[in-house]
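In: need a structure here:
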Amino acid sequence: MSQQPAAVPSPGFVHLHTHSAYSLLKGSIKIQKLLDLAKADHQPALALTDTDNMFGALEFSDKLAGYGIQPIIGCEIAVDFGDQDPSARNALNAVPARMVFLAARERGYRSLMKLNSRAFLETPIHQTPHIKFEWLLEEAEDLIALTGGPEGPIALAIHADQAALAATRCDRLASLFGDRLYIELQRHGVDKERRSEAGLIDLAYGKGFPLVATNEPYFATADDYEAHDALLCIAGGKMIADTERDQLTPEHRFKTRSEMAVLFADLP
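Out: As a prediction, the model looks like this:
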C-alpha cells in the first residue's frame with residue numbers, strides 16, 4: 001500500500017484515534033460515513049485505528065485518496081509491558097493496556113501488519129490478543145505511538161496511584177519512539193479520565209513529551225449512542241440495565257475540529 005509519511009498535523013485538530021465498524025462489536029461507523037464526516041468538517045487528515053485489526057485499511061486509504069484527505073493508517077493494540085505479576089489481582093491486571101500505533105511510512109504499515117499477526121498467532125487462546133513490549137524493539141522505527149486513552153498503560157498506572165511505574169513506562173516507550181511518542185488525553189467526562197489527566201499532563205511537561213488530544217469516536221453522532229450501547233451489550237452478553245458492564249458516553253462521537261478546540265482550549 002502506497003502511503004505518504006504521516007505526522008501529527010499542526011495547526012488544527014485531526015482525529016488520530018478513530019474506530020470504524022471494523023472494530024468488531026465495538027465500533028459502528030462505516031468507512032464511507034467516516035469520510036463524509038471528515039469531509040464535511042474540512043479535515044485535512046484522518047487516522048483509522050480499529051481495535052486489534054487493520055481490516056479496513058485498504059478501503060480507507062483508497063476512498064480517502066478520492067476525497068483529498070490524507071489517510072493515516074494505524075491500529076489500537078494491547079501491549080504487555082512485562083512489568084506486572086500476571087497472577088496478582090490488581091487494577092493493572094484487570095484490563096489489557098491499550099495503545100495506538102500509527103504508520104509513519106510504508107515500513108511502518110508493514111510493521112503494524114506484523115504486530116497484528118503476532119498478537120493473534122502468539123497469544124494463548126485464553127488471553128486477549130496482545131503484543132509484548134519487546135516485539136516493538138524491531139518494529140518501532142517507522143511508527144508513531146500514542147499512549148492510549150484511560151485504558152492506556154500510562155493512564156492505568158496513574159489511576160492505580162503508581163506514578164513511578166507510569167514514568168518508567170514512558171521512559172521505556174521513549175527509548176524506542178523518541179519524539180514520535182505522544183501522551184494522549186481524552187475528555188469524555190468519565191471519572192477515569194479526570195483522575196488521570198493531571199498526572200498525564202505533569203508527566204508530559206516534566207519529561208518533555210508532547211501532548212495530543214483525541215476523542216476516540218465509536219459512533220457518528222450523539223443520536224447513535226443508544227443503538228451503540230445496545231451493540232456493546234450484545235458483545236458482552238449483558239443487559240442494558242446492568243451497571244457492571246462496558247459503557248461509553250454520548251461524547252464518544254465524531255466531533256468537529258471546532259468542538260475539539262473548545263474542549264481543550266485550556267491546553268496549548
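In: and residue 24, how far is that from residue 196?
Out: Taking Cβ to Cβ, to the nearest Å as the criterion, residue 24 is separated from residue 196 by 27 Å. All C-beta atoms are positioned from the backbone trio N, CA, C, and that covers glycine.
In: quick one, which of those two is more surrounded?
Out: When residue 24 and residue 196 are compared on other Cβ atoms under 10 Å, the one with more neighbours turns out to be residue 196, at 24 against 12.
In: got the contact list for that one?
Out: Residues touching residue 196, when contacts are defined by Cβ atoms under 8 Å, 6 or more residues apart in numbering, comprise 150, 155, 158-159.
In: poorly predicted segments of the chain, please.
Out: 1-11, 85-91, 93-95 (pLDDT under 70).
In: let's see 90
Out: Flagging of the chain using pLDDT under 90 yields the residue ranges 1-12, 65-67, 82-96, 126-128, 234-247, 268.
In: go through it and flag its longest strand.
Out: When the chain is parsed with DSSP state E, its longest strand is strand 70-80.
In: show me what counts as buried in that one.
Out: 70-80 (16 or more other Cβ atoms under 10 Å).
In: for this structure, which segments are assigned as strands?
Out: If DSSP E is used as the criterion, the strands of the chain fall at 45-48, 70-80, 98-103, 131-132, 143-146, 181-185, 211-213.
In: tabulate those in TSV, adding columns for distance to residue 112.
Out: Shown next, in TSV, are the strands of the chain (distance: least, Cβ to Cβ, whole Å):
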stretch	distance to residue 112
strand 45-48	11
strand 70-80	5
strand 98-103	5
strand 131-132	10
strand 143-146	7
strand 181-185	16
strand 211-213	18
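In: the residue lying closest to residue 142 once chain neighbours are set aside: neighbour count?
Out: Spatial nearest neighbour of residue 142, excluding adjacent residues (Cβ to Cβ, 6 or more residues apart in numbering): residue 108 at 3.4 Å. Neighbour count for residue 108, taken as other Cβ under 10 Å: 24.
In: got a list of what residue 108 touches?
Out: Counting by Cβ under 8 Å, 6+ apart, residue 108 touches 6, 102, 141-144.
In: using CSV, list the CA coordinates for the longest strand of the chain.
Out: Output in CSV follows, covering the C-alpha atoms of strand 70-80 (Å, rounded to 0.1, in the frame of the first residue of the first chain):
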residue,chain,number,x,y,z
GLN,A,70,-4.6,12.3,4.0
PRO,A,71,-5.1,8.8,5.3
ILE,A,72,-3.2,7.8,8.4
ILE,A,73,-3.2,4.0,8.9
GLY,A,74,-3.0,2.8,12.5
CYS,A,75,-4.3,0.3,15.0
GLU,A,76,-5.2,0.1,18.7
ILE,A,77,-3.3,-2.8,20.2
ALA,A,78,-3.0,-4.2,23.7
VAL,A,79,0.6,-4.2,25.0
ASP,A,80,2.1,-6.4,27.7
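In: which other helices and strands does it contact?
Out: Counting contacts by 3 or more Cβ pairs under 8 Å, 6 or more residues apart in numbering; DSSP states H and E, the secondary-structure elements packed against strand 70-80 are strand 45-48, helix 57-65, strand 98-103, helix 106-121, strand 131-132.
In: report all helices and strands that the last one contacts.
Out: Spelled out, it's strand 131-132. Strand 131-132 sits against strand 70-80, helix 106-121, with contacts defined as 3+ Cβ pairs under 8 Å, 6+ apart.
In: quick one: closest of those to residue 252.
Out: For residue 252, the closest of the helices and strands packed on strand 131-132 is strand 70-80, at 13.5 Å, according to Cβ to Cβ.
In: any idea how far the closest one is from the middle of the chain?
Out: On the basis of Cα atoms, centre = their mean, to the nearest Å, strand 70-80 is displaced by 7 Å from the centre of the chain it belongs to.
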